[in-house]
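In: predicted structure and sequence below. I'll ask about it afterward.
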There are 2 protein chains.
Amino acid sequence: MERNVYLQLVRPEEARTTWLARIAQLTEGPGTEEVSLEQAAGRIVAEPVEARRSSPAFHGAAMDGIAVRAEDTFTASTRTPLTLEIGKNAFWINTGQPLPQGCNAVIMVENIHVEGDGSRVVTEKAAFPWQHVRKLGEDIVATEILLAPGVRIGPYELGALAAAGVLRPTVFRKATIAIIPTGSEIVPLLQATDADLNAGRVLPEFNSLMLSACIGEAGGQAVVRDIVPDEAEAIKAAIIAAVDDGAHVVLLNAGSSAGSHDYTAEVVRSLGEVLVHGIALMPGKPALLGTVTVHGRQTPVMGVPGYPVSALMAVEEFLLPLLAAWQKRTPACRERIAVIPCNPLPSRPGMEERIRVRLGMVDGQCYAVSLPRGAGTVTSLSRADAIISVPQDSEGLDAGKPVQAELLRSRSQIAHALLAIGSHDNTLDYIDSLLRRNYPQFSLTSAHVGSLGGLLALQRKQCHLAGSHLLDEQSGIYNRTAIAEHLKGIPVMLVHLVEREQGFMVRPGNPKGIHTVADICREDVRFINRQKGSGTRVLLDYELRRQGLAAAKVRGYGDEEYTHMNIAAAVLSGRADTGLGVRAAARALGLDFVLLGTEEYDLVIPLAYAQDERIAALLNVIRSAAFRNRVQAMGGYDVSRSGEILWEYDGK
Amino acid sequence: MERNVYLQLVRPEEARTTWLARIAQLTEGPGTEEVSLEQAAGRIVAEPVEARRSSPAFHGAAMDGIAVRAEDTFTASTRTPLTLEIGKNAFWINTGQPLPQGCNAVIMVENIHVEGDGSRVVTEKAAFPWQHVRKLGEDIVATEILLAPGVRIGPYELGALAAAGVLRPTVFRKATIAIIPTGSEIVPLLQATDADLNAGRVLPEFNSLMLSACIGEAGGQAVVRDIVPDEAEAIKAAIIAAVDDGAHVVLLNAGSSAGSHDYTAEVVRSLGEVLVHGIALMPGKPALLGTVTVHGRQTPVMGVPGYPVSALMAVEEFLLPLLAAWQKRTPACRERIAVIPCNPLPSRPGMEERIRVRLGMVDGQCYAVSLPRGAGTVTSLSRADAIISVPQDSEGLDAGKPVQAELLRSRSQIAHALLAIGSHDNTLDYIDSLLRRNYPQFSLTSAHVGSLGGLLALQRKQCHLAGSHLLDEQSGIYNRTAIAEHLKGIPVMLVHLVEREQGFMVRPGNPKGIHTVADICREDVRFINRQKGSGTRVLLDYELRRQGLAAAKVRGYGDEEYTHMNIAAAVLSGRADTGLGVRAAARALGLDFVLLGTEEYDLVIPLAYAQDERIAALLNVIRSAAFRNRVQAMGGYDVSRSGEILWEYDGK
């Protein structure tokens, strides 16, 4: 019954070395094949490629002009021009044409005068031997080695192969990876209906899609096989069938842990050997590495966890190095840069952890904001700019201390992105999209830590701007008091983004009859709150106090979420009866909305960046009709003053 | 008649801006399309992608165990264990399954004890609400923006799309680029016979192959059309046909200059407008940018030069940015690093120049050795590690002064390569191949500047090792005198690589009857020499002096080549009657060989690198049977002492 307890965690590097060494004893991999040049792009050279032809294949003209024997022209000078006879000791020639027998130089057409009927030309300058001539073998001499094993054939290499007459280079065959999805509850993605998904009756299978793309990019060929239920015999049969069909590696997805419904280890053991079961890696822990012997053929097998992030991490960590080894290459490595975590990144000692982060370059320093760390959070990969690895012996990384990160985007993309840290608003994502559409070099990265967190990030100079909607309870004015309090010495401008409706999200038809702040204090109402420091939380507390209501009376007051959308999701699922948030979020999930009031959502931008072309582009986008129309269509927003500069704070 | 004179050279950046701005006025490009997720890998997002489903779609277990209502467990502790009843207030649940109605937490299977018949379980710890639960919308909330326009869909993005139920994302259509090869002398690569090629009767067409691969990597789709002869009307008809067939861009290859057989400008002008004709870029100068109007449809057109390096540079410089603009992206940019040129890189002022270089990291500094700069030298691309751009206003770059270079290989590949500068020997290429095959992380980059040049590079600490065969004319001993003279203060080891036969290469049958050194002084014999500082040149001078022969008597003594293979090519082509070189080079090109003697070819390796694992790998390779067998098969080599350490020099 116990789970994971049986996993003997092995360090990722040790696991990889063990598996690869064992495989190297068993098989050389998929071998080699000859391909035509049309099919060679992207393939990996398997044998040293020797030139079959020399290039150029003859002495040819490198310029348009006349071909001559250089020695015939040695007397030519400005004072003693030399006349040559076409067809006798001078021959018209175009670039690329072979020199006539006996010629060893070309005089450019610009440097000769044609005389009379064109049968003679005059030159005032001697030609030196081999002037403007592309000599035989100047580029390639037959039999020389052109390309070494392990080299990827790209456009440049294709040119060299073609020029050298190597029309069918020998490349490594692509490894076939059989992906076997297992699990009694999973169905092919296209067959999953919304109704079944929402009820939790099925889980859509899409790991095979991600893993196939990943394998394809690494030069392998994934074959996705039919889904197999959680039954040992069925899984065993599926492995045997995959090997029979020629798979070079079998990959079982899910069932690789040690739970009651995890059969991978048992099945692999019955067909061969389990070399590693459990990796000291997060995400990716319950992975399995082994080999199976089917009809005498020994084939590597790996079991990867069901959570998509774990599955991908396990494939990147173990399968891609195997594919690279079979191609006599090192695995593609990502560019690394030093980044400074904005927040502490605690980590479990004994486990190597891969933390996905967003990045922003602020004043020459690269700052990292961590994304959700769950193994099921696939958007933590798609939104990530980089991955930070926390070493196994570490209890985590400190905020503010530089660490190395592996880039998922180009350095230039990171350098051209604006980093917004602060309150979350859906319109930020539209700003990013419009920015990229109109200024493809720019983008907006946003990290959500609440309004106050944004101001503190600005104070630490860790971002370019902050979204904020902090109400001053005394004056009823937004943001200015908080700015003056937290941004001493940092002059900023306060740019109005939107006016937005805040209110209670409730299930359709408002079954609990929630109409006022007092209603959320009722015993039969379960509330879901926003985190401390968020503008919405400030608004709630302000309203509670204004109406003399005690926070302690609100059931769920301590239950926090970080975004409007998550509040909406909590209400939709019945986890709470209501929560406070913007109308757009309620509308997005089909919830009803009880208006509490409107609030101002602004951007706080240091004046130091006022002339930055990215900020100029951002302001253009915010002031564009495209932005206003799109936001208006979302509902609950007033964009009539979007982009207005409300206030300049001098930092004093 | 004049050529190039009519080209009004425009700066590359200005040319690009002009062309792209004009195209932006005319067309939005190929537009968008919806594709299935199976087809979406590698495509570019065209519209902001909104999530269609939330993920998870329900509150589900994040661990195997029992689902409970957290509030029911608050009294549980080690001292007051709590018994729960299966089916009543506790429910067995596996990872991923939905929580039963009313439950809001999961207790891990490790933390419970099953009692008696299994109908009851005991926990000693309270569960907090939402413990081990993946909440609805925790990863993705329906309607939120998942991916912005311009984002490339890779494995991670596929996962996000699938999880969010976006099964047919909108991506940019691939632009179709019609490549029209022009030229009366060119034939399809596969139809070019060796006989026709060697006689210069035809030129093989393979630029389309390179350009297609380049366009494909940039997300376009090349369509190679039939070869068109150099006739204005035929070229015009080919453009019209390509546009009729749906090309988004027409690319004419060759004929873009201003010579008598260059029709691109004339034809484009007759169909539309020539915006730029001539670029201040080397290679790539005679390129043309314009648009044509066919049946009312306006289509970008570009003419690129016939030399392969020029053609590729022009496509990278102008077409790839157009494809990127149509996809709302910035063109893929290469990583840049600071490199130190080992040799001066003169350049013509007024022209921006792209110099292909090989790189080596020596003691933390990255050194660059330039490759041949001719526009026809396609191996200058396939052998390049990086490209250095010399700005338009510069007369060139100084040796020893750091400059920026664009990497064509990964930083890690560069860091793991050994850089050999010195004399050329074909066995170096086999060492590289064997090194990569046995140690895929390592490689050997070699640059050929002659033996003395290699020692000088070692002296300047610009390489890891040098190949050398410098004969001391007094002692008859190789390399030691030169090392002691040039490497003061740098302790090195002298590692024997091969003993090789040097002799005169002559055309088959030895028509000029060359048998002795005296024969090359004959009036009827044309010689081809190696460059000063090369060991072969030293050998020749030694033999001439020894026999009392004057160098001035040797016709062609001043005509120099840099490698054995180029000497062989010069003899094969009749450019010279004979030259001195190794037997393997003669054999490779089917020449006869008149043995002059054997010489020692050694590697000079600083003791500072003796413990470097790359050097250890190199020595293993040199001492391997695979190396010996391969080199013996080349002929003219004695490998019986390969890898022997001949001498250690203490630098004093």
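Out: Nice, thanks for sending it over.
In: going forward, measure contacts and count neighbours with C-alpha atoms only.
Out: OK.
In: who's in contact with the residue nearest to A:Val639 when sequence neighbours are not counted?
Out: Counting by Cα to Cα, 6 or more residues apart in numbering or on different chains, A:Val498 is the residue found nearest to A:Val639 once chain neighbours are left out, at 5.2 Å. By Cα atoms under 8 Å, 6 or more residues apart in numbering or on different chains, A:Val498 lies in contact with A:Glu600, A:Tyr601, A:Asp602, A:Tyr637, A:Asp638, A:Val639, A:Ser640, A:Arg641, A:Ser642.
In: quick one, phi psi at A:Val498?
Out: phi -150, psi 160 (degrees, to the nearest 10).
In: bridged to it, which residues?
Out: When assigned by DSSP bridges, A:Val498 has beta-bridge partners A:Tyr601.
In: please apply the same query to A:Glu561.
Out: Beta-bridge partners, per DSSP bridges, of A:Glu561: A:Arg530.
In: separation between it and B:Glu71?
Out: 19 Å (Cα to Cα, to the nearest Å).
In: what's the answer for A:Gly200, then?
Out: A:Gly200 is 24 Å from B:Glu71, by Cα to Cα.
In: these two: who's more crowded?
Out: More crowded of A:Gly200 and B:Glu71, by other Cα atoms under 10 Å in any protein chain shown: A:Gly200, with 19 against 14.
In: hmm, the more buried one is touching B:Ala61, no?
Out: No: judged on Cα atoms under 8 Å, A:Gly200 makes no contact with B:Ala61 at a distance of 10.8 Å.
In: common neighbours of those two, please.
Out: B:Gln97, B:Pro98.
In: related to what we said a few turns ago, show me which of the contacts of A:Val498 are buried.
Out: Among the contacts of A:Val498, those classed as buried by 16 or more other Cα atoms under 10 Å in any protein chain shown are A:Glu600, A:Tyr601, A:Asp602, A:Tyr637, A:Asp638, A:Val639, A:Arg641, A:Ser642.
In: any regions of the stretch 401-550 of chain A where pLDDT drops low?
Out: Counting by pLDDT under 70, the stretch 401-550 of chain A shows no low-confidence range.
In: contact residues of it facing chain B?
Out: The stretch 401-550 of chain A comes close to chain B at residues A:410-412, A:426, A:429-430, A:432-433, A:436-441, as judged by Cα under 8 Å from any Cα of the partner chain.
In: most neighbours among those residues, which one is it?
Out: A:Ser433 (28 neighbours).
In: over to it. Which of the three states is it?
Out: Following DSSP: H, G, I helix; E, B strand; the rest coil, A:Ser433 is assigned to helix.
In: that one touches B:Ala148, doesn't it?
Out: Yes: assessed by Cα under 8 Å, A:Ser433 is found in contact with B:Ala148 at 4.9 Å.
In: touching both of those two, which residues are there?
Out: B:Pro48.
In: what's the domain layout of chain A?
Out: Following automatic domain parsing, chain A resolves into domains at A:12-29+A:174-326, A:32-55+A:139-172, A:60-134, A:342-415, A:451-649.
In: of all those domains, which lies closest to B:Ile44?
Out: Nearest of the domains of chain A to B:Ile44, taken as Cα to Cα: domain A:342-415 at 13.7 Å.
In: distance of the closest residue in space to A:Gly246 that isn't next to it in sequence from B:Gly159?
Out: Closest residue to A:Gly246 apart from its sequence neighbours, by Cα to Cα, 6+ apart: A:Thr176 at 7.4 Å. As judged by Cα to Cα, A:Thr176 and B:Gly159 stand 21 Å apart.
In: looking at those two, which has the bigger crowd around it?
Out: Legend: neighbour count by other Cα under 10 Å for A:Thr176 and B:Gly159, higher for B:Gly159 (27 against 23).
In: that one: what's it in contact with?
Out: A:Phe206, A:Asn207, A:Leu209, A:Met210, A:Pro308, A:Val378, A:Thr379, A:Ser382.
In: do you know the pLDDT at it?
Out: Looking at B:Gly159, its pLDDT stands at 97.
In: measure A:Pro402 to chain B for me?
Out: Relative to chain B, A:Pro402 is positioned 21 Å away (Cα to the nearest Cα, to the nearest Å).
In: tell me how far the ends of stretch A:459-469 are from each other?
Out: 17 Å.
In: now what about it, what contacts it?
Out: With Cα under 8 Å, 6+ apart as the test, stretch A:459-469 has contacts from A:342, A:360-362, A:367, A:418-425, A:450-452, A:454-455, A:457-458, A:478-479, A:486-487, A:490, A:535-536, A:599-606, A:609.
In: kindly report the same for stretch A:555-566.
Out: The contact list for stretch A:555-566 (Cα under 8 Å, 6+ apart) reads A:424-425, A:448-450, A:520-521, A:523, A:525-531, A:551, A:567, A:576, A:580-582, A:585-586, B:137-138, B:141.
In: switch the cut-off to 6 Å
Out: Here stretch A:555-566 makes contact (Cα atoms under 6 Å, 6 or more residues apart in numbering or on different chains) with A:Arg526, A:Phe527, A:Ile528, A:Asn529, A:Arg530, A:Gln531, A:Gly581, A:Ala585.
In: how far is it from where the chain is centred?
Out: Remark: stretch A:555-566 is offset 30 Å from the chain centroid, using Cα atoms, centre = their mean, to the nearest Å.
In: buried set for that stretch?
Out: Under 16+ other Cα under 10 Å, the buried positions of stretch A:555-566 are A:Arg555, A:Gly556, A:Tyr557, A:Glu560, A:Glu561, A:Tyr562, A:Thr563, A:His564, A:Met565, A:Asn566.
In: could you list the low-pLDDT ranges of chain A?
Out: Counting by pLDDT under 70, the ranges of chain A that qualify are A:1-6.
In: who in it is up against chain B?
Out: A:2, A:57-58, A:98, A:110, A:137, A:139, A:143, A:148-149, A:155-160, A:198, A:200, A:210, A:213-214, A:328-330, A:377-379, A:381-382, A:433, A:437, A:440-441, A:569, A:588 (Cα under 6 Å from any Cα of the partner chain).
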